[in-house]
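Visitor: For reference, the sequence and a predicted model appear below.
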Amino acid sequence: MKPEKIKVGLVGLGEQSVDNLLPSLFLSSYANLIAICDINENKLNSIGRKNGIAHSYIDYRSMIDNEGLDAVVVCSFPDVHYEVAKYALENGLHVFVEKPPVNNITQLKELVALASSKSLRAGVGMNFSYTDSNKIIHEIMQSDDFDEPAFISVEHVSSKPTTVLWNLDSVMDSFLLAQLIHPLDYLLSFGGRYNSIHVYSSRSHSPLFIQVMIEFENNIIGCLKSGTFYPRFKHTIEIISRAGTTITVKDLGTIEVTRKDMPVPFDLKSKYCSTVYTPSPLKSGYSKAGYIGELEAFFQNILYNRDYRHSFSDLLPVYEALDKISSALGRHRQNESKLTVYEA
């Protein structure tokens with residue numbers, strides 16, 4: 001029996017959309033891509049012809065009004081996400097937006113309330129949580145010998161942004177929404193409610209180095225290292241259990257498990273340190289990077305009421321934490337201090 005299909009319209013045909021979301025929609029078991037929308041008419045027509053999409057629009061309102069859609073997928077600037085999501089929800093459509101969903105927590109709260117009042121689904125594309133490696137991490141953590149997590153470290157670094165993005169007010173605001181939102185969401189998904197956030201930052205913001213330490217109510221310690229000082233994108237996760245077992249994940253791919261009673265010098269082939277997962281070079285990058293997984297989970301949430309963790313309301317704690325970090329960084333700039341601490 002074939003799965004039900006959701007009639008979807010895609011708004012925004014920038015690099016992220018064309019490289020990742022558009023192919024993932026075509027590969028989805030639950031989506032029927034009906035129409036596309038972009039203000040660049042040449043790009044719109046070219047992508048429409050190339051992919052056999054008959055219905056193209058330069059105005060998202062016209063697409064929503066005329067196509068009888070069930071849902072829209074939006075990939076643009078945060079302020080565009082807000083405008084399109086609001087119009088779509090007001091007109092009875094489910095909404096999926098690429099991260100960051102909006103500019104600020106005020107907009108997010110408005111859309112959360114609107115979606116709730118209409119009994120509609122509103123989700124955010126946080127693809128790191130839907131990677132193959134993330135699924136395996138959780139399987140390892142559920143094993144008897146792992147125990148409870150005690151310390152989680154995420155290193156998420158790159159060389160950008162170095163200029164203001166998305167009509168925001170500053171490079172720092174751009175960095176928080178473009179880079180820090182992903183690893184921060186990841187830490188909060190493990191730790192939940194926190195007691196305090198400690199923010200450490202370099203004096204210079206070009207390049208920027210930032211470290212965030214989070215003390216959670218469940219006694220997990222979270223450490224987030226990020227910045228714009230690295231020549232390429234690098235993403236490393238380390239999870240240490242109370243039993244001393246360490247899970248290390250490099251660039252959303254290779255997973256290593258190390259046990260505390262490892263002999264020195266240790267044998268990499270021993271039971272103490274082992275590579276438990278390496279992604280196949282032949283596997284679709286859309287699957288490995290989580291783009292298909294996040295869309296499938298969202299569409300299943302609409303069709304079958306299955307869990308989807310990244311609703312708009314799920315992002316409220318992330319935006320609250322971003323506001324606290326931004327406030328701490330603002331005081332840092334005013335005081336020209338090497339250390340700024342925010343106690344939540």
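Guide: Yes, it's here.
Visitor: For the stretch 1-150 of the chain, give me the ranges with low pLDDT.
Guide: Regions of the stretch 1-150 of the chain meeting the criterion pLDDT under 70 cover residues 1-3.
Visitor: residue ranges for the helices of it, please.
Guide: Applying DSSP state H, counting those that start in this stretch to the stretch 1-150 of the chain gives helices spanning 15-16, 22-27, 41-51, 60-66, 78-90, 105-118, 132-141.
Visitor: deepest of these, which one?
Guide: Among the helices of the stretch 1-150 of the chain, helix 78-90 has the highest mean neighbour count (mean count of other Cβ atoms under 10 Å), at a mean of 21. For the C-beta atoms, the positions are set from N, CA and C on the backbone; glycine is no exception.
Visitor: Using CSV, write out every CA atom in that one.
Guide: The C-alpha coordinates for helix 78-90 follow below in CSV (Å, rounded to 0.1, in the frame of the first residue of the first chain):
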residue,chain,number,x,y,z
PRO,A,78,14.2,34.5,8.6
ASP,A,79,12.0,37.5,8.1
VAL,A,80,10.6,35.8,4.9
HIS,A,81,10.1,32.6,6.9
TYR,A,82,8.0,34.6,9.4
GLU,A,83,5.9,36.3,6.7
VAL,A,84,5.2,33.2,4.7
ALA,A,85,4.6,31.0,7.7
LYS,A,86,2.1,33.5,9.1
TYR,A,87,0.2,33.7,5.8
ALA,A,88,0.2,30.0,5.3
LEU,A,89,-1.0,29.2,8.9
GLU,A,90,-3.7,31.9,8.6
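Visitor: Now do that helix against helix 105-118, angle only.
Guide: Helix 78-90 runs at 20 degrees relative to helix 105-118, counting by axes from the mean of the first three to the mean of the last three Cα atoms, to 10 degrees.
Visitor: In terms of secondary structure, what does helix 78-90 contact?
Guide: helix 60-66, strand 71-74, strand 94-98, helix 105-118 (3 or more Cβ pairs under 8 Å, 6 or more residues apart in numbering; DSSP states H and E).
Visitor: picking up where we left off before, reformat the helices of the stretch 1-150 of the chain as CSV; add distance to residue 99.
Guide: Formatted as CSV, the helices of the stretch 1-150 of the chain follow (distance: least, Cβ to Cβ, whole Å):
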stretch, distance to residue 99
helix 15-16, 10
helix 22-27, 15
helix 41-51, 22
helix 60-66, 19
helix 78-90, 9
helix 105-118, 12
helix 132-141, 15
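Visitor: Tell me which of these sits nearest to residue 322.
Guide: helix 105-118 (8.0 Å; Cβ to Cβ).
Visitor: ok, residue 129 - how many residues close by?
Guide: Other residues near residue 129 number 18, with proximity taken as other Cβ atoms under 10 Å.
Visitor: check contacts around it.
Guide: 185-186, 189, 290, 294, 309-310 (Cβ atoms under 8 Å, 6 or more residues apart in numbering).
Visitor: any chance of the residues you listed in a markdown table, plus neighbour count, distance to residue 43 and pLDDT?
Guide: Shown next, in a markdown table, are those (neighbours: other Cβ atoms under 10 Å; distance: Cβ to Cβ, whole Å; pLDDT from 0 to 100):
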| residue | neighbour count | distance to residue 43 | pLDDT |
| --- | --- | --- | --- |
| 185 | 23 | 30 | 95 |
| 186 | 22 | 33 | 92 |
| 189 | 18 | 35 | 91 |
| 290 | 24 | 25 | 89 |
| 294 | 27 | 24 | 95 |
| 309 | 15 | 33 | 91 |
| 310 | 25 | 28 | 95 |
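Visitor: in a strand, that's where residue 155 is, yeah?
Guide: Yes. With DSSP: H, G, I helix; E, B strand; the rest coil as the criterion, residue 155 is part of a strand.
Visitor: Could you report the pLDDT at it?
Guide: Note on residue 155: pLDDT of 96.
Visitor: Okay, and the beta partners of it?
Guide: Counting by DSSP bridges, residue 155 is bridged to residue 225, residue 236.
Visitor: Next, count neighbours for residue 172.
Guide: A total of 22 residues lie near residue 172 under the criterion other Cβ under 10 Å.
Visitor: oh, I was asking about residue 153
Guide: Residue 153, neighbours per other Cβ under 10 Å, totals 19.
Visitor: What residues of stretch 65-76 count as buried?
Guide: Neighbour counts over stretch 65-76 (16 or more other Cβ atoms under 10 Å) mark 67, 69-76 as buried.
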